[in-house]
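Undergrad: following is a predicted model, sequence given first.
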There are 2 protein chains.
Amino acid sequence: MARGSIVFRVEDVPESNATAYPEPYRALNQNRYARRLGEFAGLKNFGVNLVRIVPGGQSSCRHAHAAQDEMVLVMEGEITLETDAGREKLQPGTWVGFPKGTGDAHRFINETDRDVVFLVVGDKASDKVTYPDVDLYGEHGADGVFRYTRKDGTAY
Amino acid sequence: MARGSIVFRVEDVPESNATAYPEPYRALNQNRYARRLGEFAGLKNFGVNLVRIVPGGQSSCRHAHAAQDEMVLVMEGEITLETDAGREKLQPGTWVGFPKGTGDAHRFINETDRDVVFLVVGDKASDKVTYPDVDLYGEHGADGVFRYTRKDGTAY
């Protein structure tokens, strides 16, 4: 029988600033480093990532999920949440839930001079993702693969 | 437009030791108190719970999920993980992933003299849950409702 529990610490999981964003948006998204904890543990149904943003960086471009829920815990440093309502500074211990389908787009940014760290959980429902601030749109195809296009549907 | 982000702290979420277990197993499961953070934030696709176990208590009876993944972060105190492989003491900052379908059953117990706290994430896939140590079996019906029976399928 396979061992059913994967016991680990954050330091066991490699950090990466890889991004699937197309140009010209890749550089915007390479000032954040993720440890894919759920993937490390062999989980398939949802993702659990620990994300570190360096000063001046962002978690992602501001986006809204049509079908996926998202949950965040601020772990280290003061993190700025940006939504349609504006910017709000969050301290460690603050939780933020983003229910799917509200249309309100969000991102996290680091406006301080030291690294900030948050935990994010998201599921893997077939999704459509909208980006109000950049010419980007993402969705899962019939083959289950998530792909980016321009807002008019043309390929990058 | 609905506000898309629910910002909160753990203290905003009520704690409850409610359990869906049938008798004679209910008392076993009432020494742990959960705050349903995901539900508080209006999330539907997965659960995020903060669980406190008082001394001598358990998180649940030892169980294995056929279809749901599960991920845990030890947050406060020394927590004992019990699986088919035996018992292991975990310190704060330890993560444990439980990929679905391994058949290896687990629970967390508090063998110390102070409260322990952990965070648990789990999805909501239609599931079958087996319990090696008690006469309990749970599954989602065709109506999507999760129900407990005895191992022989008879109702409690």
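TA: Yep, that arrived. Numbers count the residues shown, from 1 in each chain, chains lettered A, B, ... in the order given.
Undergrad: use CA for all of it now, contacts and neighbours both
TA: OK.
Undergrad: alongside chain B, which residues does chain A contribute?
TA: With the criterion set to C-alpha under 8 Å from any C-alpha of the partner chain, chain A comes near chain B through A:1-10, A:38, A:41-46, A:68-71, A:83, A:85, A:93-100, A:102-105, A:123.
Undergrad: tell me which element A:Val96 is part of?
TA: Element membership of A:Val96, judged by DSSP states H and E, is strand A:94-98.
Undergrad: check A:Phe8 too.
TA: Assessed by DSSP H and E, A:Phe8 sits inside strand A:6-9.
Undergrad: what's around the nearest residue to A:Glu23 once chain neighbours are set aside, how many residues?
TA: For A:Glu23, the nearest residue in space outside its immediate sequence neighbours is A:Tyr156; the separation is 7.7 Å by C-alpha to C-alpha, 6 or more residues apart in numbering or on different chains. The burial metric for A:Tyr156, expressed as a neighbour count using other C-alpha atoms under 10 Å in any protein chain shown, is 12.
Undergrad: again with A:Ala66
TA: Using other C-alpha under 10 Å as the criterion, A:Ala66 is surrounded by 18 other residues.
Undergrad: same question for A:Glu78.
TA: Counted with other C-alpha under 10 Å, A:Glu78 comes out at 20.
Undergrad: from what I can see it touches A:Phe118, true?
TA: No - at 10.0 Å, A:Glu78 and A:Phe118 do not qualify as touching, with contact defined as C-alpha atoms under 8 Å.
Undergrad: sorry, back to before: just how off-centre is the strand holding A:Val96 within its chain?
TA: Per C-alpha atoms, centre = their mean, to the nearest Å, the displacement of strand A:94-98 from the mean C-alpha position of its chain is 13 Å.
Undergrad: ok, it: who's next to it in the sheet?
TA: Each strand pairing with strand A:94-98, determined using DSSP bridges, is listed with its direction: strand A:70-76 (antiparallel), strand B:6-9 (antiparallel).
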